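S.K.: Sequence isn't available, so here's the structure alone:
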C-alpha cells in the first residue's frame, strides 16, 4: 500500500538510541535554545490561538487525547525562542500579528493550521460559485490522501450543512509568492471521493518555506463542555467529524513525532457471569447457556470482518464472574460452565466476588433480619476474594471448605479450574483487579451524600476494612461509575486514585466505567424495546438525537445507545462498559445470532469506522487498562517537556525531561513503520521498550529524580545530508488576515494540564499539474512519482524525478527524513 511505503522515512525516528552523554546545559533546564544559526532545540509543544475557549475545543480535544503539551492564547505570544513545533489558529482572531507568526514558522520550519478561513485569496484560492450548503465533504481523489488522511476514513462522506461550508477554487494565476496549492478535501453532492469540485481543505506551500493547512468550513465546531465531555446538544455527527479531522491536521503539522500515544479501546465487562438474574417482565430467572457462549465466540471470530476493523484489531468480552455460580448454587446444567472453560482463553476475566456480596452491607439473612445494618467482616471479605482466586488458580473449592454462612450448601459440586493452562491464565486473568458488586464499598470520606443516592444505595463512607483487604489481596484496581461524581475525575483521561484520608489506602485506582442503558435483566430485544419505551429510558441518554414520538424497536434503541458513547472512542478514552450476563443472550441480527452486547458493539464499531478506520480496536484486560490510567496520570503530573535537536536543518535527536522530582514513564510515538534496511543497536535500547500499534510505533522509557532528562540520539551509522537553514525575508511575510472583533480569553496564555509533546507525519506534495484545478486531466502515476519532491528541500525547489522505482523511493525517503524539518 502506498501509505506503508511513504511512511518508511518517518519511522526512521524510531532509530533513536538512549545515551548518557552530556546534555547541553541549557537543555538540562528544559528551555528552547538556539546555539548557532544552524543549530537549535525545537520545543515539542503546540500553540493554539483562539478567540475564545469554545473555538479551541476541537484542538484541545486531540491534544488532551494524546497527552501533548500546549499553550492556549488569545493574542500573539512573544516569539523569542523556538518553543512551538505546531501553530494552530482556530479562527480569525482579532489582534493576532500574522507577520510575527509567519516569520517564526518560516525560520523554524513550523507548519501552521487554520481551522476556519473565509477569505482565500492570499492562499491562492477564490470563493467558488457553487452552493455547497447541502453537500458532503469527502477526501480528494488523489493517492497522496492515503498519506495525508492519517487515520481518517479516506472513503468517508460527511454532511457539511451545519459547519458553515464555503467552497473554494484554485486561482488560474497563482500569487508569485505561492509555489503550489494542494487540495485535500472537496465538496460533492455524492458520497465518494472526487478529483474535481469545490475545495473544502487544502495546503498552500509558499516559496519562502511557509506551509499552511486551511479549512473552508468551521473545523472548530464541536459540542463539548469545559471538560471536553459531550454536551447534551451533541446530536449530530459534525462533532465526531471535526474531532477525527484533528488527527489529520495535527499529524501533518507536527511531522509524525509526539509524546503520548493513541489507542482505541473497547472493554465490555459482563457482570454476574455464572449467576442467574431476574428476567424483565417475567417470573422465571434467566441464566446464560453454553450455546450463548458459542454465539459469543462466533461473534469474536467475525467482528473484524463484519465491522471492517483494521489489521491488528483484537476485540473480546470480559466476564466479571461470580464463582459461587459454578459450585455453590444448584443451577440446572445448561452447558454454561463447561463451555466457558472450553473457551476461557478467548475472553478476558476479572473477579466480581464469590457470591456478589455488597462490599458495604450484609443481606437480611446475614444480619439478624435487618438489611443494610451489618458490615461484612474480615472473614467475609477474605472468602469473597479468595474463593474466586482459587477457581482461577486451580485450587479446588467445594462443600467441605465453605465458610459460614455457606456451610449448609453441602450438595454443591466442587469447583473446577477456570482456565485450561497457565498461558491462558497469564494472558486473560486480571489478578489485581475487582468489579465490586453494585459498585459498592467506594464512598470516600469527604463526599457529601445526596439524597438521590440513598434511594438505591446506603452510603458507608471510608470503608477502611475493605481497602485493607484489597491491599491484602494485592487488588490495585476497581471500576467506578461515571454517573457518580465521587468516582469520576474531572479529566476524562484519568481515573481516581484512592488516598489514606478518603479510603484508608493509597494503593487503589478507580477506573472510569460507563453503563449503557441496557438493564441487568434484559435478555432479548423485545424486552429491551418494552423497557426503553415504557420506562422513559430514551430521556436518560446523555446526548443523541431527540427521542422519537413513536416507539423504538430493540435494534433502534441499541443503535441509539451505541451513538451515545461514540465520542469516547473518537477521543481515545479508555472507559470500560458495564453489561450483565443476561445481556449476552444471543438474538437474530443480520441473518446471524449475536449477543445483545455484540449487537451494541457492532453499532459502536461501525460508527467509529465511519470516521477513524486506520487504528486497531483492542480489548485490554482490566489489569492492563488500570496500568495505562496510572501511567497517563503520572505522565501528566510529571510536567514532561520535549525538544528536537536540529543541526543544519536536520533532526539529530529528541530530548525529553522534567524539572520536577516526579517519576513517570515517558512515551514517544512515531507514525510509520521501521525502515527494513536499517536495524537497531540492541545494546542502545536497554532502557527502552517498543510497541507497534497500527502505523504507530511507541517508545517508552523511565523518567526519575535520578535521571530526569533522557537524550535520544540518532545512530551514528545513519548519515544525514546537511541543509542550510533558510533565512527570513520581508518578502516572505504575508499580510495580516482581517479578523473579527470577538471577545478573547481573560488571562492571555493558558498552558494545557497534560504536558507532553505532539504528533505528525511528513510526506511531499504532488506536482503542479496534479493539484491545480486548471482543466488538465491529472495523471496519478505522475503524481505518485513526484510524492515528496518539494519536501526534500526547504526552499520549495522541484525535484527532477520523473519515474518511479523502489530504489528511488528508498533513497528519497531517507533524504526526506533528514530534511523533514
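M.R.: Happy to help now that I have it. All values reported here derive from a predicted model rather than from experimental measurement.
S.K.: so where's the stretch 651-800 of the chain shaky on pLDDT?
M.R.: 673-686, 714-800 (pLDDT under 70).
S.K.: make it 50
M.R.: 674-685, 716-800 (pLDDT under 50).
S.K.: Determine the longest strand present in the chain.
M.R.: Longest strand in the chain, counting residues (DSSP state E): strand 178-188.
S.K.: what about the very next helix or strand once past it, average pLDDT?
M.R.: Where DSSP states H and E defines the elements, the next helix or strand beyond strand 178-188 is strand 199-206. Averaged over strand 199-206, pLDDT sits at 97.
S.K.: Which elements pack onto strand 199-206?
M.R.: On a contact count with 3 or more CB pairs under 8 Å, 6 or more residues apart in numbering; DSSP states H and E, strand 199-206 meets strand 168-170, strand 178-188, strand 211-215. Bear in mind the C-beta positions are built from the backbone N, C-alpha and C, glycine included.
S.K.: distance between that strand and the chain's centre?
M.R.: With CA atoms, centre = their mean, to the nearest Å as the basis, strand 199-206 stands 27 Å off its chain's centre.
S.K.: Please apply the same query to stretch 132-148.
M.R.: On CA atoms, centre = their mean, the centre of stretch 132-148 falls 23 Å from the chain's centre.
S.K.: Name the strands paired with the longest strand of the chain and say parallel or antiparallel.
M.R.: Looking at strand 178-188 with DSSP bridges, its partner strands are strand 136-139 (antiparallel), strand 199-206 (antiparallel).
S.K.: Burial check on the spatially closest residue to residue 596 that is not a sequence neighbour, number of neighbours?
M.R.: Spatial nearest neighbour of residue 596, excluding adjacent residues (CB to CB, 6 or more residues apart in numbering): residue 583 at 4.7 Å. Residue 583: 27 surrounding residues under other CB atoms under 10 Å.
S.K.: just the one 4 residues further on next, same as before
M.R.: Residue 587 has 20 neighbours, counted by other CB under 10 Å.
S.K.: So it is in contact with residue 597, correct?
M.R.: No. Using CB atoms under 8 Å, residue 587 is not in contact with residue 597; the gap is 10.4 Å.
S.K.: contacting residues for the most centrally placed residue in the chain?
M.R.: Closest to where the C-alpha atoms of the chain average out (CA atoms, centre = their mean) is residue 572, at 1.7 Å. Contact partners of residue 572, counting by CB atoms under 8 Å, 6 or more residues apart in numbering, are 65, 66, 262, 263, 264, 265.
S.K.: switch to 7 Å and redo it
M.R.: Residue 572 is in contact with 65, 262, 263, 264, counting by CB atoms under 7 Å, 6 or more residues apart in numbering.
S.K.: For these, which single residue is the most surrounded?
M.R.: Busiest of the contacts of residue 572 [other CB under 10 Å] is residue 65, holding 25 neighbours.
S.K.: so what's that one scoring on pLDDT?
M.R.: 97.
S.K.: Give me the helices and strands touching the host helix or strand of it, please.
M.R.: For residue 65, the element it lies in under DSSP H and E is helix 53-66. The helices and strands touching helix 53-66, judged by 3 or more CB pairs under 7 Å, 6 or more residues apart in numbering; DSSP states H and E, are strand 46-49, helix 238-254.
S.K.: got those as JSON lines, with mean pLDDT columns?
M.R.: Formatted as JSON lines, those follow (pLDDT from 0 to 100):
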{"stretch": "strand 46-49", "mean pLDDT": "96"}
{"stretch": "helix 238-254", "mean pLDDT": "95"}
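S.K.: mind putting those in a markdown table, distance to residue 334 and mean neighbour count included?
M.R.: Converted to a markdown table, the helices and strands packed on helix 53-66 look like this (distance: least, CB to CB, whole Å; neighbours: other CB atoms under 10 Å):
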| stretch | distance to residue 334 | mean neighbour count |
| --- | --- | --- |
| strand 46-49 | 56 | 26 |
| helix 238-254 | 41 | 25 |
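S.K.: Could you break the protein into its assigned domains?
M.R.: Per the record, the chain has its domains at 44-261+728-785, 266-614, by automatic domain parsing.
S.K.: Just the element for residue 341, please.
M.R.: helix 336-342.
S.K.: Would you give the sheet partners of the helix or strand that that helix is followed by, along with the direction of each?
M.R.: Using DSSP H and E, the next helix or strand after helix 336-342 towards the C-terminus is strand 349-351. The pairing partners recorded for strand 349-351 under DSSP bridges are strand 317-321 (parallel), strand 429-434 (parallel).
S.K.: Please identify the buried residues of stretch 155-165?
M.R.: Neighbour-count burial for stretch 155-165, counted by 16 or more other CB atoms under 10 Å, picks out 156, 157, 158, 160, 163, 165.
S.K.: Work out the gap between that stretch and the centre of the chain.
M.R.: On CA atoms, centre = their mean, the centre of stretch 155-165 falls 23 Å from the chain's centre.
S.K.: Please apply the same query to stretch 142-151.
M.R.: The answer for stretch 142-151 is 20 Å, by CA atoms, centre = their mean.
S.K.: cool, stretch 65-84 as well?
M.R.: 22 Å.
S.K.: what's the answer for stretch 647-658, then?
M.R.: Centroid separation between stretch 647-658 and its chain, computed with CA atoms, centre = their mean, is 26 Å.
S.K.: for the stretch 1-150 of the chain, which spans come out with low pLDDT?
M.R.: 1-28.
S.K.: Quick one: the strands in it, in order.
M.R.: 16-19, 34-36, 39-43, 46-49, 70-73, 86-89, 111-114, 125-127, 136-139 (DSSP state E, counting those that start in this stretch).
S.K.: Relative to the fifth one, what are the paired strands and their orientations?
M.R.: Note on strand 70-73: by DSSP bridges, its sheet partners are strand 46-49 (parallel), strand 749-751 (antiparallel).
S.K.: ok, residue 289 to residue 518 distance?
M.R.: Residue 289 sits 19 Å away from residue 518, going by CB to CB, to the nearest Å.
S.K.: Burial check on the nearest residue in space to residue 605 that is not next to it in sequence, number of neighbours?
M.R.: If the residues on either side of it in the chain are set aside, residue 605 comes closest to residue 307, at 4.0 Å by CB to CB, 6+ apart. As a burial measure, residue 307 scores 20 neighbours (other CB under 10 Å).
S.K.: pretty sure residue 307 contacts residue 606?
M.R.: Yes. If you go by CB atoms under 7 Å, residue 307 and residue 606 touch, sitting 5.6 Å apart.
S.K.: quick revisit: can you add pLDDT, secondary structure and distance to residue 186 and give the buried residues of stretch 155-165 back as TSV?
M.R.: Below are those laid out as TSV (pLDDT from 0 to 100; DSSP: H, G, I helix; E, B strand; the rest coil; distance: CB to CB, whole Å):
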residue	pLDDT	secondary structure	distance to residue 186
156	96	coil	13
157	97	strand	11
158	98	strand	12
160	97	coil	10
163	97	coil	15
165	98	coil	11
